[in-house]
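Enquirer: with the sequence up front, the predicted model follows.
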Amino acid sequence: MQTRHLSGSLISRKKRGMPEIYYLGPEGTFSHILARKRFGRRANLVACPAIEAIYDRVRENPSGLGLVPVENSSGGTVYDSVDAMIRNAGKIFLREELSLDVRIALLGHAGQEVTTIYSHFIQLKHHAEWLKQRYPKARQRAVASTAIAAQKAKASPHAAALASPGAAEVYGLDVLEKSHAGSVNVTHFAIIGASPAPEIDEVRKTALIAALPNSCGSLHQFLGPFARLGVSLTRIVSRPVPGKPQTYVFFVEIEGGEHDPAAAKALARARKLSESLVSLGTFPVRGRFKS
Ligand SMILES: O=C(O)C(=O)C[C@]1(C(=O)O)C=C[C@@H](O)C=C1
């Protein structure tokens, strides 16, 4: 007992000097799996209860980094993340893009009928057709993460969770079956920090938050300089401005660095057409990991 306590405190003392890496917890989420793969098992990983909390922690602790999901190949945009980027524009920067092949299983209680299936909404969406075929009568419930889904499934004998197969061991569940939902299931994540990524000589993107005037053709005009200067857009997400009906702000990603000659020219012209244009920085596009 004493040894375990001692080594435990030694580990935490050692970790105290390491930057904190915030991720969507609890243990066993895909965010947790990716954080361990990217930063190593010994990294100082800190679970957060919601995506918003990851942004808060990074703002409060500028030496820390956050890992946030941005988009899933079938579930689409993770709006909690994009909205937090918009709210924190100028204070939070994107430092890296990563992606994860998401491997899912249905976890539950072997031999029991499944009447409720929990998961993160992204995975319920990805598995919509499969669930309709395999569990047409089960109720579907969206929760904050796939690991919370596993906890919910643990609490009820007729509940199950779409989660990582590894979460079965963490939460004491059985793997009822592996998902055969078919199509590719990839989630793109961003590493965020309180300062921009250092200059790098790699494949890069730049992220922007653009508020445009509420007038005819403003988006069309904003996109013009990028098209004319050959700067490719890789993502554009439109979000309503809270409290201002039918007014939108855009999360935009372009290929290349913001100081590359063509991008810099396009940005200068697009800025003149915007109410505000804030850069979330230039960041490298890093490898695809397997869960
Ligand atoms: O719930 C999890 O396991 C997460 O890490 C979050 C999240 C997401 O928000 O997109 C990440 C990857 C999976 O696609 C499902 C959910």
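Expert: Everything's here; your move.
Enquirer: run the chain-centre distance for the top strand by length along the chain.
Expert: Longest strand of the chain, by residue count under DSSP state E: strand 276-290. Average the C-alpha atoms of strand 276-290, do the same for its chain, and the two points are 12 Å apart (C-alpha atoms, centre = their mean, to the nearest Å).
Enquirer: wait, does that strand contact the ligand?
Expert: No. Judged by C-beta under 6 Å from any ligand atom, strand 276-290 and the ligand are separated, with a smallest distance of 11.6 Å. Placement of C-beta: from N, CA and C, glycine included.
Enquirer: so what secondary structure elements neighbour that strand?
Expert: Counting contacts by 3 or more C-beta pairs under 8 Å, 6 or more residues apart in numbering; DSSP states H and E, strand 276-290 is packed against helix 30-39, strand 93-101, strand 186-193, strand 204-211, helix 261-272.
Enquirer: flag every buried residue along that strand.
Expert: For strand 276-290, a neighbour-count test (16 or more other C-beta atoms under 10 Å) marks 277-285, 289 as buried.
Enquirer: quick check: end-to-end length of stretch 25-43?
Expert: From its first residue to its last, stretch 25-43 covers 15 Å (C-alpha to C-alpha, to the nearest Å).
Enquirer: how about it and the ligand, any contact?
Expert: Yes. Stretch 25-43 is in contact with the ligand by C-beta under 6 Å from any ligand atom, via 29-31.
Enquirer: wait, which of these is closest to residue 68?
Expert: Of all those, residue 68 sits closest to residue 31, with 7.7 Å by C-beta to C-beta.
Enquirer: return the residues of this structure in contact with the ligand.
Expert: Applying C-beta under 6 Å from any ligand atom, we find that the chain lies next to the ligand at 24, 29-31, 69, 72, 78, 102, 120, 122-123, 145-147, 187.
Enquirer: now the buried members of those.
Expert: Among those, the ones that count as buried by 16+ other C-beta under 10 Å are 24, 29-31, 69, 72, 78, 102, 120, 122-123, 145-147, 187.
Enquirer: where exactly do the helices run in the stretch 1-150 of the chain?
Expert: Along the stretch 1-150 of the chain, the stretches classed as helices by DSSP state H, counting those that start in this stretch are 2-16, 30-39, 51-60, 79-87, 121-126, 128-134, 146-155.
Enquirer: as TSV, the buried residues of strand 276-290 with pLDDT would be great.
Expert: Below are the buried residues of strand 276-290 laid out as TSV (pLDDT from 0 to 100):
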residue	pLDDT
277	97
278	98
279	98
280	98
281	97
282	97
283	97
284	96
285	95
289	95
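Enquirer: from those, which is closest to residue 167?
Expert: Of all those, residue 167 sits closest to residue 289, with 16.9 Å by C-beta to C-beta.
Enquirer: the closest residue to residue 76 other than its chain neighbours: what's it in contact with?
Expert: Of all residues not flanking residue 76 in the chain, residue 125 sits nearest, at 7.2 Å (C-beta to C-beta, 6 or more residues apart in numbering). In this structure, residue 125 makes contact with 72, 74-76, judged by C-beta atoms under 8 Å, 6 or more residues apart in numbering.
Enquirer: thank you, goodbye.
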